[in-house]
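In: let me see the structure of the following:
(2 chains)
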Amino acid sequence: MASFNQTKINPQSFHYSQIKFLIYLVPLAIVMMLPIIYIVSTAFKPMDELFAYPPRFFVINPTLNNFVNLFRQTSQSGIPFSRYIFNSIVVSSVGVTLTILITSMAAYGLSKLKFKIKKPLFVINQYALMFVSVAVTIPRFLIIVNIGLYDTFWAHILPLLAMPVGLFLVKQFVDQVPDALLEAAKIDGATEYQIFWHVVIPIIKPALATVAILAFQTFWNNEVTSQLYITNDSNKTISFFLSTITSGSGVAGAGMSAAASLIMFLPNIIFFILIQNKVMDTMAHSGIK
Amino acid sequence: MDKPRYSLGYKIAHSDKLSALVFVGPYYVLFSIFIIIAVLAAVLLSFTYFNTIEFPTMSGLKNYVDIVTTDNTFMQVILPNTIKFALIVGPGGYLLSFILAWSLAQLPHKLRTVLAIIFYSPSMTMGVAMVVVWSAVFSGDQAGYLNHFMLQMNLIAEPVQWLQSPQHLMNIMIIVSLWGSMGVGFLAMLSGILNVDKEIFEAAYMDGISNKFQEIFFITIPLMKPQMLFGAVMMIVSTFQAGAIGVQLSGSNPTPQNAGQLILNHIEDFGFIRFEMGYAAALSVILLILVALISKVAKTYLTEKE
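Out: Okay, the predicted model is just below:
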């Protein structure tokens, strides 16, 4: 029994026995963080520090020049920087909202409604978990052209809305909502839609938070759409524009690229930090099988 | 006697059909168009010659035969590259995710949260940001961080062209991919470990389990199999999707002497640079089959003992 004291999963407080984990976790965390610290530091480096030899890791005299140059760069191309940001924000917010909506609806349908092809639908979705989207870029391109989405705003959103991982997670969560609760609501005269909206949605909120994070990362980071399915520059997104800056700009562009990367990275990490508690909760309850 | 209940049941079943369509419809319409039809179209296209301008013409199995018999690059370089990359990054990242998740689970809540966010953050910076950072580290001139450091330490006599040299590119791709591999699978594993019932550990120690390794192999892992499987599938898919890395780092497709060329780069090369869509589609089909097969293997391994 004495040996049981070894096991301290999810401890309540700090204990000196945890130091052995910190011995390798902390250095590793630092290594994991170095590139991100580098981006932040470089984004604020003035010209002379970017070219400095020997190369310096940390910034000494921070400046906002890189950001200013970045904005200037776009205004030369005729499309203001704000336009790309605006596009990305619209695409991401509409995308995340719609993803949550259709995913939770489908999850509710598959979990609680009775109809014949329910099982096969879920099985197909499970296979689609293994789906490698880049492998079907070509047919997707043809589909987008043929249904008239080419060069429209919806090309950013519609192809990414069906997210098999999302449906999978949320469905497992809806499964845990007791049927008795739904029946009680039904007897009280609630329609299927009212039950979904007023009973199910509040209960599965943590699962939806996870989907929101995954969806946000998908939409915000997506540059393939702008690259392949959009020709009109003013309909492209910030991630695409930034990728054009980062590719092949050399040292001179390094500061600008870092500024660009920071702009890309920040929303992701903020979004994640805001909802991460709920996310870990979701995964815990999803009982993935 | 049961009549009221029966009629309620009937009403529910009837309304279900309509509402099922409303609820499940939107998802599965989009799912069908952009995933199912796309996959079927890829299969169909793979049997054609298609240059994106003229209408595709049937060519039977020619693309597949060509891949196996005449595409030396694919058989001799790209397939081995992909397998090597997947074999190291897949299990490596998976193991790393588990070890880190397990270690984090031994820490109190606040400390754990901070470290978890740090470990997860690289997977959010993949893509654009990745290029900035890693090309600075591995830059080929003496101002590159690694070169500067090694020159300083007298480990090398002159700057190494890390990203342009065939010997190094693949290794760098592997390091960068491992760095960014703590994604959703890692989070799933973390919560899986945290959710193992503590009483089970207690019971197991009474039954004679005597060390941490036994604890991990006989209790923790079996009890979190769903999360382990989820992590495995996510890892397999993301490993095969990681094709962009080599091209982003070296700045060219094909990568220098095909050193970092993976199946995905080959697909992009044929599809969007040479416009041989039929051939590229055949490559996509091979990739999809590969991912499905490996996921299947992972599935059998992780579900057998239930």
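
In: C-alpha only now, for contacts and for neighbours.
Out: Noted.

In: what's the pLDDT at the residue nearest to residue B:77 when sequence neighbours are not counted?
Out: Leaving aside its chain neighbours, residue B:77 sits nearest to residue B:258 (7.1 Å; criterion: CA to CA, 6 or more residues apart in numbering or on different chains). Residue B:258 is assigned a pLDDT of 76 by the prediction.

In: repeat that for the one 4 residues further on.
Out: According to the predicted model, the pLDDT of residue B:262 comes to 83.

In: mind listing what it touches?
Out: Contacts for residue B:262 were tallied using CA atoms under 8 Å, 6 or more residues apart in numbering or on different chains; they are B:78, B:79, B:81, B:82, B:243.

In: what about the residue in chain A that chain B sits nearest to, neighbour count?
Out: Chain A approaches chain B most closely through residue A:106 (4.2 Å), counting by CA to the nearest CA. Close neighbours of residue A:106, defined as other CA atoms under 10 Å in any protein chain shown, add up to 25.

In: what about the closest residue to it other than its chain neighbours, how many residues nearby?
Out: Leaving aside its chain neighbours, residue A:106 sits nearest to residue B:24 (4.2 Å; criterion: CA to CA, 6+ apart). By the criterion of other CA under 10 Å, residue B:24 has 22 neighbours.

In: equivalent analysis for residue A:148, please.
Out: By other CA under 10 Å, the burial measure for residue A:148, its neighbour count, is 11.

In: confirm it sits in a strand?
Out: No - using DSSP: H, G, I helix; E, B strand; the rest coil, the secondary structure at residue A:148 is coil, not a strand.

In: host element of the residue of chain B found nearest chain A?
Out: Taking CA to the nearest CA, chain A has its nearest neighbour within chain B at residue B:24, 4.2 Å off. Using DSSP states H and E, residue B:24 maps to helix B:3-31.

In: correct me, but residue A:95 touches residue A:219?
Out: Yes - with contact defined as CA atoms under 8 Å, residue A:95 reaches residue A:219; the gap is 6.8 Å.

In: shared neighbours, these two?
Out: A:157, A:160.

In: ok, now which ones touch the residue nearest to residue A:106?
Out: A:102, A:105, A:106, A:107, A:109, A:110.

In: mind listing the helices for the stretch 1-150 of chain B?
Out: B:3-31, B:37-45, B:62-69, B:72, B:79-105, B:109-120, B:122-125, B:128-137, B:145-152 (DSSP state H, counting those that start in this stretch).

In: check the stretch 51-200 of chain A too.
Out: Under DSSP H, counting those that start in this stretch, the stretch 51-200 of chain A gives helices at A:65-76, A:81-112, A:118-128, A:137-146, A:154-161, A:164-175, A:179-187, A:192-194.

In: would you mind listing the buried residues in the fourth one?
Out: Of the residues in helix A:137-146, those buried by neighbour count under the rule 16 or more other CA atoms under 10 Å in any protein chain shown are A:137, A:138, A:139, A:140, A:141, A:143, A:144.

In: spatially central residue for chain B, please.
Out: Closest to where the C-alpha atoms of chain B average out (CA atoms, centre = their mean) is residue B:238, at 1.3 Å.
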